[in-house]
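**Student:** got a structure for you, letters missing:
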(Lines give C-alpha, C1' and ligand atoms only; values in the text may rest on other atoms or scores of the structure.)
Protein backbone atom coordinates (compact mmCIF):
# COMPACT_ATOMS: atom_id res chain seq x y z
CA UNK A 1 0.00 0.00 0.00
CA UNK A 2 2.80 2.39 0.97
CA UNK A 3 4.72 1.42 -2.18
CA UNK A 4 1.65 2.14 -4.34
CA UNK A 5 1.23 5.55 -2.76
CA UNK A 6 4.90 6.36 -3.35
CA UNK A 7 4.58 5.37 -7.00
CA UNK A 8 1.48 7.55 -7.37
CA UNK A 9 3.23 10.55 -5.82
CA UNK A 10 6.27 9.97 -8.01
CA UNK A 11 4.08 9.86 -11.11
CA UNK A 12 2.24 13.01 -10.07
CA UNK A 13 5.52 14.86 -9.52
CA UNK A 14 6.82 13.81 -12.94
CA UNK A 15 3.57 14.97 -14.59
CA UNK A 16 3.71 18.30 -12.74
CA UNK A 17 7.35 18.81 -13.72
CA UNK A 18 6.54 18.12 -17.37
CA UNK A 19 3.66 20.60 -17.26
CA UNK A 20 5.86 23.34 -15.77
CA UNK A 21 8.54 22.70 -18.40
CA UNK A 22 5.98 22.85 -21.21
CA UNK A 23 4.56 26.12 -19.90
CA UNK A 24 8.05 27.54 -19.52
CA UNK A 25 8.89 26.57 -23.09
CA UNK A 26 5.66 28.17 -24.36
CA UNK A 27 6.46 31.41 -22.50
CA UNK A 28 10.00 31.39 -23.82
CA UNK A 29 8.70 30.98 -27.36
CA UNK A 30 6.25 33.87 -26.98
CA UNK A 31 7.88 36.88 -28.59
CA UNK A 32 6.87 40.32 -27.33
CA UNK A 33 8.24 43.79 -26.82
CA UNK A 34 7.20 46.70 -24.63
CA UNK A 35 6.64 50.02 -26.35
CA UNK A 36 6.40 53.19 -24.28
CA UNK A 37 4.29 55.61 -26.25
CA UNK A 38 2.02 58.62 -25.99
CA UNK A 39 -1.65 58.67 -25.10
CA UNK A 40 -2.38 60.19 -28.51
CA UNK A 41 -1.24 57.11 -30.42
CA UNK A 42 -3.41 54.91 -28.21
CA UNK A 43 -6.48 57.11 -27.73
CA UNK A 44 -6.65 57.96 -31.42
CA UNK A 45 -6.98 54.24 -32.16
CA UNK A 46 -3.81 54.09 -34.27
CA UNK A 47 -2.22 51.20 -32.41
CA UNK A 48 -5.38 49.10 -32.59
CA UNK A 49 -5.04 49.47 -36.35
CA UNK A 50 -1.28 48.97 -36.68
CA UNK A 51 -0.29 46.32 -34.16
CA UNK A 52 -2.35 43.39 -35.50
CA UNK A 53 -0.71 43.96 -38.90
CA UNK A 54 2.77 43.94 -37.37
CA UNK A 55 2.07 40.87 -35.25
CA UNK A 56 0.64 38.95 -38.21
CA UNK A 57 3.77 39.66 -40.24
CA UNK A 58 6.38 39.02 -37.54
CA UNK A 59 4.76 36.99 -34.78
CA UNK A 60 5.94 39.63 -32.30
CA UNK A 61 3.38 40.92 -29.81
CA UNK A 62 3.56 44.58 -28.80
CA UNK A 63 2.59 45.60 -25.29
CA UNK A 64 1.96 49.34 -25.25
CA UNK A 65 2.30 51.49 -22.16
CA UNK A 66 0.57 54.77 -23.03
CA UNK A 67 1.87 57.77 -21.08
CA UNK A 68 2.80 61.37 -21.65
CA UNK A 69 5.96 61.69 -23.74
CA UNK A 70 8.05 62.75 -20.72
CA UNK A 71 6.99 59.66 -18.76
CA UNK A 72 7.47 57.41 -21.81
CA UNK A 73 11.05 58.68 -22.19
CA UNK A 74 11.61 58.10 -18.47
CA UNK A 75 10.54 54.47 -19.00
CA UNK A 76 13.16 54.20 -21.71
CA UNK A 77 15.82 55.74 -19.47
CA UNK A 78 15.07 53.15 -16.78
CA UNK A 79 15.13 50.32 -19.31
CA UNK A 80 11.49 49.47 -18.68
CA UNK A 81 10.69 49.55 -22.41
CA UNK A 82 12.32 48.20 -25.55
CA UNK A 83 11.10 50.96 -27.86
CA UNK A 84 9.93 54.53 -27.35
CA UNK A 85 7.39 56.06 -29.79
CA UNK A 86 6.70 59.70 -28.88
CA UNK A 87 6.32 63.29 -30.13
CA UNK A 88 8.68 65.82 -28.62
CA UNK A 89 11.66 66.19 -30.97
CA UNK A 90 13.73 68.29 -28.57
CA UNK A 91 13.33 65.76 -25.75
CA UNK A 92 13.88 62.83 -28.13
CA UNK A 93 17.17 64.28 -29.41
CA UNK A 94 18.35 64.73 -25.82
CA UNK A 95 17.36 61.10 -25.11
CA UNK A 96 19.66 60.03 -27.97
CA UNK A 97 22.45 62.47 -27.02
CA UNK A 98 22.43 61.12 -23.45
CA UNK A 99 22.93 57.59 -24.77
CA UNK A 100 19.55 56.16 -23.82
CA UNK A 101 18.43 55.50 -27.41
CA UNK A 102 20.25 54.01 -30.40
CA UNK A 103 18.90 56.19 -33.22
CA UNK A 104 15.86 58.40 -33.73
CA UNK A 105 13.68 57.87 -36.79
CA UNK A 106 10.88 60.17 -37.86
CA UNK A 107 7.72 58.19 -38.48
CA UNK A 108 4.71 60.42 -39.12
CA UNK A 109 3.15 63.76 -38.36
CA UNK A 110 -0.15 65.47 -37.84
CA UNK A 111 -0.88 68.80 -36.20
CA UNK A 112 -2.12 70.36 -33.01
CA UNK A 113 -5.33 72.37 -32.87
CA UNK A 114 -6.80 74.73 -30.33
CA UNK A 115 -10.36 73.86 -29.37
CA UNK A 116 -12.79 75.93 -27.36
CA UNK A 117 -16.46 76.66 -26.67
CA UNK A 118 -18.71 77.94 -29.44
CA UNK A 119 -19.36 81.04 -27.32
CA UNK A 120 -15.64 81.86 -27.78
CA UNK A 121 -15.09 84.31 -24.89
CA UNK A 122 -11.56 85.15 -26.15
CA UNK A 123 -12.87 85.98 -29.65
CA UNK A 124 -10.30 83.88 -31.48
CA UNK A 125 -12.41 81.46 -33.57
CA UNK A 126 -11.37 81.17 -37.20
CA UNK A 127 -7.90 82.53 -36.58
CA UNK A 128 -4.66 80.95 -37.79
CA UNK A 129 -2.23 82.72 -35.44
CA UNK A 130 -1.81 80.52 -32.37
CA UNK A 131 0.45 83.00 -30.57
CA UNK A 132 -2.12 85.76 -30.91
CA UNK A 133 -4.80 83.34 -29.68
CA UNK A 134 -2.77 82.52 -26.55
CA UNK A 135 -2.39 86.21 -25.77
CA UNK A 136 -6.12 86.80 -26.14
CA UNK A 137 -7.06 83.83 -23.94
CA UNK A 138 -4.80 85.12 -21.17
CA UNK A 139 -6.03 88.71 -21.56
CA UNK A 140 -9.65 87.58 -21.35
CA UNK A 141 -8.97 85.22 -18.44
CA UNK A 142 -10.92 82.62 -20.39
CA UNK A 143 -10.93 79.08 -18.95
CA UNK A 144 -8.13 76.91 -20.34
CA UNK A 145 -7.63 73.20 -19.57
CA UNK A 146 -4.01 72.04 -19.79
CA UNK A 147 -2.73 68.48 -19.58
CA UNK A 148 -0.01 69.58 -17.15
CA UNK A 149 1.60 66.14 -17.39
CA UNK A 150 4.98 66.75 -19.08
CA UNK A 151 3.68 65.08 -22.22
CA UNK A 152 4.73 66.06 -25.75
CA UNK A 153 1.48 67.97 -26.12
CA UNK A 154 2.03 69.77 -22.81
CA UNK A 155 5.61 70.66 -23.80
CA UNK A 156 4.39 72.08 -27.13
CA UNK A 157 1.69 74.08 -25.32
CA UNK A 158 4.23 75.55 -22.88
CA UNK A 159 6.50 76.58 -25.75
CA UNK A 160 3.59 78.49 -27.29
CA UNK A 161 2.81 80.31 -24.03
CA UNK A 162 6.48 81.27 -23.78
CA UNK A 163 6.52 82.55 -27.38
CA UNK A 164 3.36 84.51 -26.57
CA UNK A 165 5.04 86.18 -23.61
CA UNK A 166 2.45 84.69 -21.25
CA UNK A 167 3.28 82.88 -18.01
CA UNK A 168 0.32 80.49 -17.54
CA UNK A 169 1.43 79.84 -13.95
CA UNK A 170 0.09 83.28 -13.09
CA UNK A 171 -3.38 82.04 -14.04
CA UNK A 172 -3.30 78.78 -12.08
CA UNK A 173 -6.33 78.36 -9.88
CA UNK A 174 -8.30 80.90 -11.87
CA UNK A 175 -8.47 80.68 -15.67
CA UNK A 176 -5.63 78.15 -16.15
CA UNK A 177 -6.40 74.62 -14.94
CA UNK A 178 -3.97 71.69 -15.08
CA UNK A 179 -5.55 68.24 -15.20
CA UNK A 180 -2.36 66.20 -14.79
CA UNK A 181 -3.87 63.59 -17.11
CA UNK A 182 -3.93 62.37 -20.69
CA UNK A 183 -5.45 64.03 -23.72
CA UNK A 184 -8.83 62.33 -23.55
CA UNK A 185 -9.51 63.18 -19.88
CA UNK A 186 -8.27 66.73 -20.48
CA UNK A 187 -10.71 67.16 -23.36
CA UNK A 188 -13.46 65.80 -21.12
CA UNK A 189 -12.56 68.48 -18.56
CA UNK A 190 -12.55 71.18 -21.23
CA UNK A 191 -15.95 70.02 -22.46
CA UNK A 192 -17.40 70.09 -18.94
CA UNK A 193 -15.92 73.52 -18.20
CA UNK A 194 -16.50 75.08 -21.64
CA UNK A 195 -12.78 75.76 -21.64
CA UNK A 196 -10.15 76.10 -24.34
CA UNK A 197 -7.67 73.24 -24.74
CA UNK A 198 -4.64 72.37 -26.85
CA UNK A 199 -4.83 68.92 -28.47
CA UNK A 200 -3.38 66.79 -31.22
CA UNK A 201 -5.78 66.46 -34.13
CA UNK A 202 -5.78 62.65 -34.02
CA UNK A 203 -7.21 62.50 -30.52
CA UNK A 204 -9.66 65.29 -31.31
CA UNK A 205 -11.02 63.43 -34.36
CA UNK A 206 -11.58 60.31 -32.26
CA UNK A 207 -13.05 62.25 -29.30
CA UNK A 208 -16.82 61.93 -28.98
CA UNK A 209 -17.72 63.90 -25.84
CA UNK A 210 -17.25 67.31 -27.45
CA UNK A 211 -20.21 69.14 -25.96
CA UNK A 212 -19.95 72.76 -27.20
CA UNK A 213 -16.28 72.46 -28.15
CA UNK A 214 -15.16 73.25 -31.68
CA UNK A 215 -11.81 73.85 -33.36
CA UNK A 216 -11.10 77.56 -32.98
CA UNK A 217 -7.52 77.85 -34.30
CA UNK A 218 -5.72 75.60 -36.77
CA UNK A 219 -3.32 75.81 -39.69
CA UNK A 220 -0.43 77.71 -38.07
CA UNK A 221 2.99 76.22 -38.91
CA UNK A 222 3.80 76.36 -35.20
CA UNK A 223 1.19 73.62 -34.70
CA UNK A 224 3.17 70.98 -36.63
CA UNK A 225 3.38 67.72 -34.64
CA UNK A 226 6.16 65.26 -35.51
CA UNK A 227 6.42 61.71 -34.09
CA UNK A 228 9.64 59.72 -33.68
CA UNK A 229 10.56 56.15 -32.77
CA UNK A 230 13.71 54.91 -31.02
CA UNK A 231 15.14 51.61 -29.85
CA UNK A 232 16.23 51.82 -26.21
CA UNK A 233 20.00 51.40 -26.04
CA UNK A 234 20.93 47.80 -25.09
CA UNK A 235 24.40 49.04 -24.14
CA UNK A 236 22.70 50.85 -21.23
CA UNK A 237 20.20 48.09 -20.53
CA UNK A 238 21.39 44.63 -21.72
CA UNK A 239 17.94 43.08 -21.17
CA UNK A 240 16.42 45.24 -23.94
CA UNK A 241 15.10 43.02 -26.74
CA UNK A 242 17.33 44.51 -29.38
CA UNK A 243 16.38 42.35 -32.37
CA UNK A 244 12.63 42.29 -31.67
CA UNK A 245 12.53 46.02 -30.90
CA UNK A 246 14.51 46.86 -34.01
CA UNK A 247 12.09 44.74 -36.06
CA UNK A 248 9.25 47.00 -34.87
CA UNK A 249 11.21 50.17 -35.63
CA UNK A 250 12.12 48.88 -39.08
CA UNK A 251 8.51 47.94 -39.82
CA UNK A 252 6.90 51.28 -38.88
CA UNK A 253 9.36 53.18 -41.11
CA UNK A 254 9.14 50.63 -43.96
CA UNK A 255 6.88 51.20 -46.98
CA UNK A 256 4.45 48.63 -45.55
CA UNK A 257 4.28 50.30 -42.14
CA UNK A 258 4.04 53.75 -43.66
CA UNK A 259 1.16 52.66 -45.88
CA UNK A 260 -0.62 51.20 -42.84
CA UNK A 261 -0.27 54.52 -41.01
CA UNK A 262 -1.65 56.43 -44.01
CA UNK A 263 -4.59 54.03 -44.27
CA UNK A 264 -5.84 54.75 -40.75
CA UNK A 265 -8.85 57.05 -40.97
CA UNK A 266 -11.91 58.02 -39.00
CA UNK A 267 -14.59 58.54 -41.59
CA UNK A 268 -12.93 60.50 -44.37
CA UNK A 269 -10.28 62.01 -42.09
CA UNK A 270 -6.72 60.71 -42.20
CA UNK A 271 -5.28 61.02 -38.68
CA UNK A 272 -1.53 60.64 -39.30
CA UNK A 273 0.71 61.31 -42.29
CA UNK A 274 3.77 59.09 -42.76
CA UNK A 275 7.10 60.83 -43.43
CA UNK A 276 9.85 58.35 -42.56
CA UNK A 277 13.21 58.86 -44.22
CA UNK A 278 15.42 55.79 -44.47
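**Tutor:** It's in. Keep in mind that what you see is a predicted model, and the values were worked out from it rather than measured.

**Student:** okay, CA-based contacts and neighbour counts for the rest of this
**Tutor:** Noted.

**Student:** Might one say that residue 89 is in contact with residue 226?
**Tutor:** Yes: under the criterion of C-alpha atoms under 8 Å, residue 89 makes contact with residue 226 at 7.2 Å.

**Student:** okay, these two: which has more neighbours?
**Tutor:** When residue 89 and residue 226 are compared for neighbours, residue 226 comes out ahead with 20 against 16, by other C-alpha atoms under 10 Å.

**Student:** List the beta-bridge partners for the more buried one.
**Tutor:** Beta-bridge pairing for residue 226 (DSSP bridges): residue 109.

**Student:** Which residues lie in contact with residue 62 in this structure?
**Tutor:** Residue 62 makes contact with 32, 33, 34, 35, 51, 55 under the criterion C-alpha atoms under 8 Å, 6 or more residues apart in numbering.

**Student:** Low-confidence stretches in this structure?
**Tutor:** Residues of the chain meeting the criterion pLDDT under 70: 1-29, 278.

**Student:** domains of it?
**Tutor:** Annotated domains of the chain cover 28-109+227-274, 111-223 [automatic domain parsing].

**Student:** how deep is residue 38 tucked in, by neighbour count?
**Tutor:** Neighbours of residue 38 using other C-alpha under 10 Å come to 28.

**Student:** give the contact list for it.
**Tutor:** 66, 67, 68, 69, 72, 85, 86, 87, 151, 152.

**Student:** Kindly present the residues you listed as JSON lines, with separate columns for secondary structure and neighbour count.
**Tutor:** Below are the contacts of residue 38 laid out as JSON lines (DSSP: H, G, I helix; E, B strand; the rest coil; neighbours: other C-alpha atoms under 10 Å):
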{"residue": "66", "secondary structure": "strand", "neighbour count": "20"}
{"residue": "67", "secondary structure": "strand", "neighbour count": "25"}
{"residue": "68", "secondary structure": "coil", "neighbour count": "29"}
{"residue": "69", "secondary structure": "helix", "neighbour count": "28"}
{"residue": "72", "secondary structure": "helix", "neighbour count": "25"}
{"residue": "85", "secondary structure": "strand", "neighbour count": "26"}
{"residue": "86", "secondary structure": "strand", "neighbour count": "31"}
{"residue": "87", "secondary structure": "coil", "neighbour count": "29"}
{"residue": "151", "secondary structure": "coil", "neighbour count": "26"}
{"residue": "152", "secondary structure": "helix", "neighbour count": "30"}
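
**Student:** Reformat these into TSV and put distance to residue 44 next to each item.
**Tutor:** Shown next, in TSV, are the contacts of residue 38 (distance: C-alpha to C-alpha, whole Å):
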residue	distance to residue 44
66	12
67	13
68	14
69	15
72	17
85	14
86	14
87	14
151	16
152	15
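
**Student:** just these now: which is nearest residue 173?
**Tutor:** Checking those against residue 173 with C-alpha to C-alpha, the nearest one is residue 151 at 20.7 Å.

**Student:** contacting residues for that closest one?
**Tutor:** For residue 151, the contacting residues are 38, 67, 68, 69, 70, 71, by C-alpha under 8 Å, 6+ apart.

**Student:** how about 10 Å then?
**Tutor:** If you count contacts by C-alpha atoms under 10 Å, 6 or more residues apart in numbering, residue 151 has them with 38-39, 67-73, 86-88, 157, 180-183.
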